[in-house]
Every structure is written in C-alpha cells, then in structure tokens.
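Colleague: Sequence and predicted model, in that order:
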Amino acid sequence: MITVKIILTAILTSFYFIDMGRFPEKWKINVKPFNCHMCLSFYLAVIYFWLPSFVVSTLFVAFASGVSAPLFRNFLNNLFFKK
C-alpha cells in the first residue's frame with residue numbers, strides 16, 4: 001500500500017509543482033527534470049521511497065487536497081451557478 005501512496009504522491013506533487021504552481025516558470029528553472037512530468041515524478045518517487053512513511057502520508061494529504069480543491073470548487077460553482 002505504501003508503494004501506491006508513493007507513486008500517487010509523486011504524481012500529485014509533480015502536477016502541482018509544474019501545472020498549478022508554475023514554479024519552473026516563476027523560478028526560471030524551465031529545464032528538465034523540473035518541467036517534465038515523467039522526469040520529475042520519477043525523481044520524486046525515488047526520493048519518497050527513502051523517506052519515512054509518515055512524511056509520505058503527510059505529503060500525500062497535502063498535495064491531494066491542493067490538487068482536488070480547485071476541481072471541487074469548479075464542480076460546486078457549476079452545480080449552483082448554472083449559466
């Protein structure tokens with residue numbers, strides 16, 4: 001189960017870092033592996049593999065909520081404020 005959590009955490013972290021936060025553009029590090037989802041997810045998964053499980057769990061909760069909050073907000077806006 002921890003392996004699945006590591007994989008999902010790496011995917012969510014790279015998605016948040018590249019697409020939602022746009023940190024490579026802000027920090028002027030628009031080079032691989034920082035602007036590539038596959039590359040960054042791979043390196044983060046290797047790093048997360050060596051971290052304790054409570055750190056991985058904390059990062060998973062943080063990035064899962066960060067990625068799902070805008071999706072949930074858009075869903076509720078579309079549900080209540082129909083155009």
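Modeller: All right, it came through fine.

Colleague: Mind telling me what element the closest residue to Val31 other than its chain neighbours is part of?
Modeller: Once flanking residues are discounted, Val31 sits nearest to Pro24: 7.8 Å by Cβ to Cβ, 6 or more residues apart in numbering. In short, each C-beta sits where N, CA and C put it, glycine included. Per DSSP states H and E, Pro24 falls inside helix 23-26.

Colleague: Can you name the next helix or strand after that helix?
Modeller: Note on helix 23-26: by DSSP H and E, the next helix or strand toward the C-terminus is helix 37-50.

Colleague: So for that next one, what gets flagged as buried?
Modeller: 40-41, 44-45, 48 (16 or more other Cβ atoms under 10 Å).

Colleague: So which elements touch the strand or helix carrying Lys5?
Modeller: Assigned by DSSP H and E, Lys5 belongs to helix 2-15. Counting contacts by 3 or more Cβ pairs under 8 Å, 6 or more residues apart in numbering; DSSP states H and E, helix 2-15 is packed against helix 37-50, helix 53-80.

Colleague: Pipe these into a markdown table and attach distance to Ile2 and mean pLDDT per row.
Modeller: As requested, the helices and strands packed on helix 2-15 are exported to a markdown table (distance: least, Cβ to Cβ, whole Å; pLDDT from 0 to 100):
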| stretch | distance to Ile2 | mean pLDDT |
| --- | --- | --- |
| helix 37-50 | 9 | 96 |
| helix 53-80 | 6 | 94 |
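
Colleague: could the ones you listed go into JSON lines alongside distance to Asn30?
Modeller: Below are those laid out as JSON lines (distance: least, Cβ to Cβ, whole Å):
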{"stretch": "helix 37-50", "distance to Asn30": "12"}
{"stretch": "helix 53-80", "distance to Asn30": "21"}
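
Colleague: Looking at those, which is nearest to Val4?
Modeller: Val4 sits nearest to helix 53-80 of all the helices and strands packed on helix 2-15, at 10.0 Å, using Cβ to Cβ.

Colleague: picking that back up, buried set for the helix holding Pro24?
Modeller: Here helix 23-26 shows Pro24 as buried, counting by 16+ other Cβ under 10 Å.
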